[in-house]
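*Asks:* Need the 3D shape of this:
(one chain, ligands or ions: 1)
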Amino acid sequence: MVDLVSQYQKIKSEIDKKVIEVMESSAYINGPEVKAFEKELADYLEVKHVIACANGTDALQVALMSLGLEPGDEVITSNFTFAATAEVIDLLKLKSVLVDVDPETFNINPKELEKAISPKTKAIIPVHLFGQCANMEAILEIAKKHDLAVIEDTAQAMGSDFTFSNGETKKAGTMGHLGCTSFFPSKNLGCFGDGGAIFTNNDDLAYRIRGIANHGMYERYYHDEIGVNSRLDSMQAAILRVKLPHLEQYNKARRWAANEYDKRFEGNPNISIPKRSENSTHVFHQYTLKIKNADRNLLQKYLTEKEIPAMIYYPVPLHQQKAYNRGAYADEQFPITMDLVEQVISLPMHSELSISQIEKISTNVLNFFNE
Ligand SMILES: *Cc1c(COP(=O)(O)O)cnc(C)c1O
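*Replies:* Here you go, the predicted structure:
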């Protein structure tokens, strides 16, 4: 699905040099590399604060903890996302409220979101799924009207731009009160292990988050609240500093690959190519097709036999997962998600795809329907 080795080979000398520097510096945790990376990422995103942490799931957890919510408070998120988004809500004894998505962009449907608001609702976590932003204009309006905090899960959309109707453009993760991302190796900006970060323009939240991620410690050895230990290693920060200047080019290469796939699939009655949303650029964390009037699982099996990886993101909606279901939901509440879990298939997508690979992959997809 991804080719991390080829990407590494192109920047190997720079990465190797930086990693050895960190090893020789002995500043393995919270060293100057982490501070420098936080500053460079903040500049790129045009956001005031970037707080690095251990992974994307921690980023979401610490972001939620910083809001000071009470047990039982409700947090609304998408039913069609990676489980981490909902997992942290329930882990903190808050209540996840799942909402259906848009059939074309796969992102949370603002109308359904507004319907799900109750007197206990305190926050919304929109997920920018597969590489394009949810409808943040509508979501921020709803949040303002109901006085809700917005935490963007931008683990899959690093570098994506959202343009508001007044013409203002902002980077994914910088529009809500808080933004959370992951540097898991296969993400658009990935390190060589686990990593994550939280973004905010709010000084108070930034201060709180730094403390929570460091054992609730604001002054050395004075613990004011229960926190966690969530840090980014200096080695990972050094690698991310080398990769960050390439992010725009990586995303451009993904967009090019997506357009090449599109050309080959366009007009095929069995295939629906990924819709580009009007207000957001697409950074193609995944290239996801919807398969119609054919068995998606058989297509996946066929491709596997031809040694072409293809993945189903996601085969089970969150409301059906044992951990989150609590008997509170019926399938009928999520008609779009229920269709998507049957229809979606993601093809190999990364910054190093060649035209011959795209040709081979798409020819095999098309052959499946012709056989
Ligand atoms: C990857 C991902 C996460 C979790 O990130 P980790 O670094 O693996 O903890 C959260 N949300 C979404 C949407 C993701 O894709």
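
*Asks:* Where does the closest residue to the ligand within the stretch 201-350 of the chain sit: helix, strand or coil?
*Replies:* Closest approach between the stretch 201-350 of the chain and the ligand, counting by C-beta to the nearest ligand atom: H285, at 7.4 Å. For glycine as for every other residue, the C-beta is placed from the backbone atoms N, C-alpha and C. Counting by DSSP: H, G, I helix; E, B strand; the rest coil, the backbone at H285 sits in coil.

*Asks:* Next up, phi/psi of it, please.
*Replies:* phi -60, psi -40 (degrees, to the nearest 10).

*Asks:* Check what pLDDT it gets.
*Replies:* Looking at H285, its pLDDT stands at 98.

*Asks:* Share the number of residues neighbouring it, please.
*Replies:* Other residues lying near H285 total 27 when counted by other C-beta atoms under 10 Å.

*Asks:* pretty sure it contacts K187?
*Replies:* Yes - using C-beta atoms under 8 Å as the test, H285 is close enough to K187 to be in contact (6.8 Å).

*Asks:* Find the residues that touch each one of these two.
*Replies:* Contact criterion C-beta atoms under 8 Å, 6 or more residues apart in numbering; residues shared by H285 and K187: Q156.

*Asks:* The ligand versus the closest residue to H246 other than its chain neighbours, what's the distance?
*Replies:* In this structure, H246 finds its nearest non-sequential neighbour in I11, 7.0 Å apart by C-beta to C-beta, 6 or more residues apart in numbering. Distance, I11 to the ligand, using C-beta to the nearest ligand atom, to the nearest Å: 21 Å.

*Asks:* Phi first, then psi, for I11.
*Replies:* phi -120, psi 20.

*Asks:* Distance-wise, check it relative to T281.
*Replies:* For I11, the distance to T281 equals 24 Å [C-beta to C-beta, to the nearest Å].

*Asks:* Those two - which one has more neighbours?
*Replies:* Legend: neighbour count by other C-beta under 10 Å for I11 and T281, higher for T281 (21 against 15).

*Asks:* just checking, that one touches T169?
*Replies:* No - applying C-beta under 8 Å, one finds T281 not in contact with T169, separated by 9.1 Å.

*Asks:* Need the overlap of contacts for those two.
*Replies:* D161.

*Asks:* how close does the residue lying closest to T57 once chain neighbours are set aside get to M338?
*Replies:* The spatially closest residue to T57, leaving aside those adjacent along the chain, is A84, at 4.3 Å (C-beta to C-beta, 6+ apart). A84 is 22 Å from M338, where distance means C-beta to C-beta.

*Asks:* need the residues of the protein near the ligand, please.
*Replies:* Proximity of the chain to the ligand, by C-beta under 6 Å from any ligand atom, involves residues 55-57, 81-82, 84-85, 127, 153, 155-156, 182, 184, 194, 196.

*Asks:* Of the residues you listed, which belong to helices?
*Replies:* Judged by DSSP state H, helices contain the following of the residues of the chain next to the ligand: 56-57, 84-85.

*Asks:* wait, which of the residues you listed is closest to the ligand?
*Replies:* For those, the nearest to the ligand is G56 (2.5 Å; C-beta to the nearest ligand atom).

*Asks:* Do you have the strands of this protein handy? List them.
*Replies:* For the chain, the strands defined by DSSP state E occupy 49-53, 74-78, 95-99, 121-125, 149-153, 161-163, 169-171, 178-182, 196-200, 217-219, 222-223, 271-272, 287-291, 344-347.

*Asks:* what's the closest of the ones you listed to N107?
*Replies:* strand 74-78 (7.0 Å; C-beta to C-beta).

*Asks:* CA atoms of the worst-scoring helix or strand of the chain on mean pLDDT as CSV?
*Replies:* Ranked by mean pLDDT, DSSP states H and E, the weakest helix or strand in the chain is helix 322-325, scoring a mean of 80. Extracted in CSV, the C-alpha atoms of helix 322-325 (Å, rounded to 0.1, in the frame of the first residue of the first chain):
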residue,chain,number,x,y,z
LYS,A,322,-18.3,-4.2,20.7
ALA,A,323,-16.5,-1.4,22.5
TYR,A,324,-18.7,1.5,21.4
ASN,A,325,-22.0,0.0,20.7
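
*Asks:* what's the spacing between the closest residue to M65 other than its chain neighbours and V365?
*Replies:* Once flanking residues are discounted, M65 sits nearest to I212: 5.1 Å by C-beta to C-beta, 6+ apart. As for I212, its distance to V365 is 46 Å (criterion: C-beta to C-beta).

*Asks:* same question, I336
*Replies:* 23 Å.

*Asks:* which one of the two has more residues nearby?
*Replies:* V365 (25 against 18).

*Asks:* Neighbours of K360, how many?
*Replies:* Other residues close to K360 by other C-beta under 10 Å number 14.

*Asks:* could you list every residue that touches K18?
*Replies:* Shown in contact with K18 (C-beta under 8 Å, 6+ apart): 33, 238-239, 241-242.

*Asks:* Next, format those as a markdown table and append neighbour count, distance to E305 and pLDDT.
*Replies:* Output for the contacts of K18, formatted as a markdown table (neighbours: other C-beta atoms under 10 Å; distance: C-beta to C-beta, whole Å; pLDDT from 0 to 100):
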| residue | neighbour count | distance to E305 | pLDDT |
| --- | --- | --- | --- |
| E33 | 25 | 45 | 97 |
| A238 | 27 | 41 | 98 |
| I239 | 27 | 36 | 98 |
| R241 | 19 | 42 | 98 |
| V242 | 18 | 38 | 98 |
